[in-house]
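# I need the structure of the sequence given here:
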Amino acid sequence: MYAQKEKSYIWDVIITCVVLGGCGLILIPMWKREKAEMMETDLHSGLGLIRAQLPLYNKQHDNRWPGENIANQMTELTSLEGFTWSELLEGDERPPSYPFGPYFNGAFPANPYDEKNSVTIVDVMPGEPTDDGGWIYCPTTGEFRANLTGLDSWGNRLFDF
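Sure thing, here's the model as predicted:
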């Protein structure tokens, strides 16, 4: 009788393992796909946020795009010429010669794929991303992209978002 209970117990364990393994084979790929789609949504949101602020900067700064110092120019007070106010200010008073910005509170937004908020500056937007990660920006045209290789879940290049 003891041997029969032991055999029954072993079969119960085997069946439980097969069922849990089957569930894992179904659920893990779904979780990975949802995580990838969430990252793509975050990337679209981040790019949309940055790209929405660039034309405002351009308009307020006499048709000038942010320059090579884009992260500071978008997160600090700036003058018409694009110089930043980096000193600590008392209260909320804006100095009269630095009336614009900040366009982002706190740090410049990070790329959700690599968590870098660094911006690679280029004279002409290349056809392929560099290996630096973060963002890539062309100050002569105001073009701003994610500096990423790879494809989204639909097969589109992340660099082309």
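# what about the closest residue to Arg157 other than its chain neighbours, how many neighbours?
Leaving aside its sequence neighbours, Arg157 sits nearest to Leu151 (Cβ to Cβ, 6 or more residues apart in numbering; 6.1 Å). Where you see a C-beta, it was placed from the backbone N, CA and C, and this is true even at glycine. Leu151 has 13 neighbouring residues, counting by other Cβ atoms under 10 Å.
# any idea how far Leu151 is from Glu40?
10 Å (Cβ to Cβ, to the nearest Å).
# joint contacts of the two?
Jointly contacting Leu151 and Glu40 under the rule Cβ atoms under 8 Å, 6 or more residues apart in numbering are Leu158.
# determine which residue lies closest to the centroid of the protein.
Taking Cα atoms, centre = their mean, the centroid of the chain lies closest to Asn111, which sits 2.5 Å from it.
# wasn't that residue part of a strand?
No. Assessed with DSSP: H, G, I helix; E, B strand; the rest coil, Asn111 is coil; it does not lie in a strand.
# the residue nearest to Arg157 against Phe161, yeah?
No. The pair Leu151 / Phe161 is not scored as a contact, 10.9 Å apart, by Cβ atoms under 8 Å.
# ok so Phe144 is a strand residue?
Yes. With three-state DSSP as the criterion, Phe144 is located in a strand.
# hmm, it is touching Tyr137, no?
Yes. Using Cβ under 8 Å, Phe144 is in contact with Tyr137, at 5.0 Å.
# for these two, indicate the residue with more neighbours.
Between Phe144 and Tyr137, counting by other Cβ under 10 Å, Tyr137 is the more crowded of the two (24 against 20).
# re the thing from before, doesn't Leu43 make contact with the residue nearest to the centre of the chain?
Yes. Applying Cβ under 8 Å as the test, Asn111 and Leu43 come out as touching, 7.2 Å apart.
# any residues in contact with both of these two?
With Cβ under 8 Å, 6+ apart, Asn111 and Leu43 have common neighbours 146, 148.
# helices of the protein, residue ranges please.
2-60, 70-75 (DSSP state H).
# any idea which of those helices scores lowest on pLDDT?
Ranked by mean pLDDT, the helices of the chain bottom out at helix 2-60, with a mean of 78.
# for stretch 144-160, buried residues please.
Across stretch 144-160, burial judged by 16 or more other Cβ atoms under 10 Å covers 144-148, 152, 158-159.
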